[in-house]
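Enquirer: following is a predicted model, sequence given first.
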Amino acid sequence: MERQTLSERRIIGLLGTHTNVPVPSIIAHSGDRVDVGTPYILLTRMPGVNLDCALPTLTEDEQRQIGRQIGAYMGELHSIRFASFGELAFPALSASHSEKDYTFSRVEQLLQQCEAHDLLSLKEICWIGEQFVNNADCFERHLPVLVHGI
């Protein structure tokens, strides 16, 4: 969980300094369980209302305007470039100049966790590993970009 809270803090900081995407401010955070028994990030409340609540009340013109704004934000997110593939939380541990090397390393770590916790059978783990090896050419982007996920 510490890894996740650190990653979230770094992503919020990155977005706040390199894009026009609205992000909350971080009020307090803890990556360990000392303060309140669980890792946390306390953020400021963003102004406005949830889109799913507002959408039915908006005109088509307003909906198109919101769609264009979301598209512009997505364009900004995808324009951020990095020196290497890896995680913002622990760049020294995960940095790689090859998307394939980074992806294979992460998949191997996740499969080891699945095996250690009996989440998948050995047959399933082997099959997943084989799929990555057989499709390795899919992981050859030349410019690292911001992606989210595990």
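Expert: Thanks, I have the structure now.
Enquirer: which strands and helices lie in contact with the longest helix anywhere in the chain?
Expert: Counting by DSSP state H, the longest helix found in the chain is helix 60-79. Applying 3 or more CB pairs under 8 Å, 6 or more residues apart in numbering; DSSP states H and E, we find helix 60-79 packed against no helix or strand. C-beta coordinates here come from the backbone N, C-alpha and C atoms, glycine included.
Enquirer: show me what counts as buried in that helix.
Expert: Buried positions in helix 60-79, judged by neighbour count with 16 or more other CB atoms under 10 Å: L77.
Enquirer: check stretch 10-30 too.
Expert: 12, 14-15, 19, 23, 29-30.
Enquirer: out of the residues you listed, who's nearest F139?
Expert: L14 (23.0 Å; CB to CB).
Enquirer: is it fair to say that closest one lies in a strand?
Expert: No - counting by DSSP: H, G, I helix; E, B strand; the rest coil, L14 is not found in a strand; it is helix.
Enquirer: can you find the helix or strand of this structure with the lowest average pLDDT?
Expert: helix 91-94 (a mean of 59; mean pLDDT, DSSP states H and E).
Enquirer: and the helix or strand that it is followed by, what does it pack against?
Expert: Using DSSP states H and E, the helix or strand that follows helix 91-94 in sequence is helix 99-116. Counting contacts by 3+ CB pairs under 8 Å, 6+ apart, helix 99-116 packs against helix 91-94, helix 122-134.
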